[in-house]
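Participant: I would like the atomic coordinates for the input below:
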Amino acid sequence: MIPFAVLITVLVCFVGYGLWPLAISVLSYLVSEQPSEATILVLFWLTMVFIQFVAMWHIAKRKPRGRNFFFYTVWVCVFVQSSDLLLGTEGALPVWDLVDLFIYPALAMWVLYASDVKQYFDK
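Facilitator: Numbers count the residues shown, from 1 in each chain. I've put the predicted structure just below:
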């Protein structure tokens, strides 16, 4: 059950904070009138996805440093998305959108660092 919890937690973070922003940036590149800005975003998200993929490989090998690298990149992605939210809004502060961005990575970190699932990384 513990490997299943690790797998689900990491995959949901990977899709939500890696693949999904990459897919959106690729779509914005395809429909953008200024492809230079979208190219930078595609390269940034592609780098984040690659680092997350390598970290997931280390997590699969039960190495704790993979967990650290994975969450470093997830939090970089969260902060980039939250800054995009804050810069893109006019007027009211999108508090609940920011809470939605921060809540799942925080819970996922709790699962992999503080719950019984951390036994997965003990050899």
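Participant: tell me the centre residue of the protein?
Facilitator: For the chain, the residue nearest the mean C-alpha position is residue 17 (2.9 Å; CA atoms, centre = their mean).
Participant: Make sure that one is actually in contact with residue 74.
Facilitator: Yes - if you go by CB atoms under 8 Å, residue 17 and residue 74 touch, sitting 4.9 Å apart. Using the backbone N, CA and C atoms, a C-beta is placed for each residue, glycine as well.
Participant: shared neighbours, these two?
Facilitator: Common contacts of residue 17 and residue 74 (CB atoms under 8 Å, 6 or more residues apart in numbering): 52, 105.
Participant: Spell out the residue ranges of the helices in this protein.
Facilitator: For the chain, applying DSSP state H gives helices covering 2-14, 20-31, 35-60, 64-88, 95-113.
Participant: what's the third one packed up against?
Facilitator: With contacts taken as 3 or more CB pairs under 8 Å, 6 or more residues apart in numbering; DSSP states H and E, helix 35-60 sits against helix 2-14, helix 20-31, helix 64-88.
Participant: out of these, which comes closest to residue 57?
Facilitator: helix 64-88 (7.0 Å; CB to CB).
Participant: I'd like the mean pLDDT over the closest one, please.
Facilitator: Averaging pLDDT along helix 64-88 yields 91.
Participant: Please renumber the chain so that the first residue is 11 from this point on.
Facilitator: Understood, numbering begins at 11; the last thing we discussed is helix 74-98.
Participant: before we move on, the earlier item: could you point out which of the helices of the chain sits nearest residue 132?
Facilitator: helix 74-98 (8.9 Å).
Participant: Adding mean neighbour count and distance to residue 130, write the helices and strands packed on helix 45-70 out as a markdown table.
Facilitator: A markdown table is the format used below for the helices and strands packed on helix 45-70 (neighbours: other CB atoms under 10 Å; distance: least, CB to CB, whole Å):
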| stretch | mean neighbour count | distance to residue 130 |
| --- | --- | --- |
| helix 12-24 | 16 | 5 |
| helix 30-41 | 14 | 25 |
| helix 74-98 | 16 | 9 |
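Participant: I appreciate the help and will end here.
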